[in-house]
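Asks: have a look at this prediction, sequence included:
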Amino acid sequence: MLPQLSICIFVKSGELAGLAIEVLGGRRYALTQVKSESEFFGYLKHNYHLDCLVLEVDGDLRSLTGKLQERSIFLPAVIFATKPGDDGTQEVPRTSDNGCYPLVTSPELNQQQSCSFFYHAAEVQLPIDRSDELAASIDRAIAQFLKLSTPVPLDDQSAKVGATAQLTAQSLLQRQQRRLAEKLRERLGYLGVYYKRNSQNFFRNLSQEEKPKFLEQFKLIYRKIVLSYFSEDTAVNNQIDEFVNIAFFADVAVTQVVEIHMELMDEFAKQLKLEGRSEEILLDYRLTLIDVIAHLCEMYRRSIPKDASERGR
């Protein structure tokens, strides 16, 4: 199976569709463009492998997403936002971290509800004039979809569906999330793991109280790796895996790992001097650092989406 994301593009504007296809052109995506609602639902009926929808805010979008909800079809979605028009929507502001935008029809409603969703709470709404961010928006839409806990906004649930229908929709959503997560693991290697990273847990985003605690635990694990590295204890492999996983999900830079290693070597060198022993033995532990960095770099290499790696972090 090719390592591609399957994307369905359904927008009324031919120019916008061409722009989306141009932005997503390349080996990473398998693109399908549909031009009518009947063609759209016909495609969904026979393509269970679909990974993300690309839609457009227009006068028919509410009706379209309503039909998707009625059929309990929930997929990651990026929605292009239009300029103010006949549908009453406002122009979308700059992208927020969670892909949530105040697309509302009145100031009064905006005060009551900070975000308005067309399809579900995990959708990502993207201004047309920033269509060059479509690939990143697809990544974010999939990441948010995998964390989605309720298929439609609560207000819509109470108005449109009963309790039994809600439970059915919830069950189908969870099934589709599991299918997508498994698909990502099989087709994209570690890419599914990448989507589970939460930027709030990145080391640079931790509070001033949390950072020292994290570093203390992080350094302790590395210390255990160094002390056990040349022994016959096979647990060191698990320790390396644990260290690499923590570094990956906390988005720890390789340079910081090197700093931790050098600090530990300085500590050991001082102890050896006090004992009157040679420091040359510490040179062997360069292998430990190389081994750990190799594991970490490989995890980043296999997990970061190609487009994201090209843009840089």
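Replies: Good, I have the coordinates. Residues are numbered from 1 along each chain as shown.
Asks: count the neighbours of Asn201 for me.
Replies: By other C-beta atoms under 10 Å, 13 other residues sit near Asn201. C-beta coordinates here come from the backbone N, C-alpha and C atoms, glycine included.
Asks: got it, and the one 10 residues further on?
Replies: Using other C-beta under 10 Å, Lys211 has 13 other residues around it.
Asks: do the same with Asn198
Replies: If you count neighbours by other C-beta under 10 Å, Asn198 ends up with 12.
Asks: now do the SS call for Asp132.
Replies: helix (DSSP: H, G, I helix; E, B strand; the rest coil).
Asks: tell me the contacts of it?
Replies: Listed by C-beta atoms under 8 Å, 6 or more residues apart in numbering, the contact partners of Asp132 are Val23.
Asks: if I look at it, how far off is Gln239?
Replies: With distances taken as C-beta to C-beta, to the nearest Å, Asp132 is found 42 Å from Gln239.
Asks: try Phe249
Replies: In terms of C-beta to C-beta, Phe249 sits 16 Å off from Gln239.
Asks: neighbour count: the two, which is higher?
Replies: Gln239 (20 against 16).
Asks: the more buried one against Ile225, yeah?
Replies: Yes - between Gln239 and Ile225 there is a contact under C-beta atoms under 8 Å: 4.9 Å.
Asks: measure Arg223 to Leu287 for me?
Replies: For Arg223, the distance to Leu287 - C-beta to C-beta - is 16 Å.
Asks: who's more crowded, the two?
Replies: More neighbours surround Arg223 than the other of Arg223 and Leu287, with 15 against 11 (other C-beta under 10 Å).
Asks: give me the phi and psi for that one.
Replies: The phi and psi values for Arg223, taken as degrees, to the nearest 10, are phi -60, psi -40.
Asks: tell me where the chain has strands.
Replies: Secondary structure of the chain, counting by DSSP state E: strands at 5-9, 29-33, 52-56, 77-81, 124-127.
Asks: what does the second one rub up against?
Replies: Same thing as strand 29-33. 2, 4-10, 17, 21, 24-25, 43, 47.
Asks: swap in the third one?
Replies: By C-beta under 8 Å, 6+ apart, the residues outside strand 52-56 that reach it are 5-13, 16, 20, 61, 64-65, 75-80, 82, 118-119, 134, 138, 141-142.
Asks: dump the residue contacts of Val244.
Replies: Per C-beta under 8 Å, 6+ apart, neighbours of Val244: 292, 295-296, 299.
Asks: of those, which is the nearest to Val34?
Replies: Of all those, Val34 sits closest to Met299, with 36.9 Å by C-beta to C-beta.
Asks: ok, that closest one touching Ile246?
Replies: No - in this structure, Met299 is not within contact of Ile246 by C-beta under 8 Å, at 11.3 Å.
Asks: more neighbours: these two, which one.
Replies: The residue with more neighbours, out of Met299 and Ile246, is Met299; 19 against 16, by other C-beta under 10 Å.
Asks: grab the nearest non-local neighbour of that one.
Replies: Phe248 (5.3 Å; C-beta to C-beta, 6 or more residues apart in numbering).
Asks: go on, Ile73?
Replies: Leu44 (6.2 Å).
Asks: on the pLDDT front, check the one you found for me.
Replies: pLDDT for Leu44: 89.
Asks: what of Gln112?
Replies: 31.
Asks: check the gap between Glu210 and Phe203 for me.
Replies: Distance, Glu210 to Phe203, by C-beta to C-beta: 9 Å.
Asks: and the two? which has more neighbours close in?
Replies: Per other C-beta under 10 Å, whichever of Glu210 and Phe203 has more neighbours is Phe203, with 18 against 12.
Asks: tell me the contacts of that one?
Replies: Going by C-beta under 8 Å, 6+ apart, Phe203 touches 211, 214, 250-252, 256.
Asks: let's have those in JSON lines, adding distance to Met265 and pLDDT.
Replies: Output for the contacts of Phe203, formatted as JSON lines (distance: C-beta to C-beta, whole Å; pLDDT from 0 to 100):
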{"residue": "Lys211", "distance to Met265": "22", "pLDDT": "91"}
{"residue": "Phe214", "distance to Met265": "21", "pLDDT": "90"}
{"residue": "Ala250", "distance to Met265": "22", "pLDDT": "88"}
{"residue": "Asp251", "distance to Met265": "24", "pLDDT": "88"}
{"residue": "Val252", "distance to Met265": "18", "pLDDT": "90"}
{"residue": "Gln256", "distance to Met265": "15", "pLDDT": "92"}
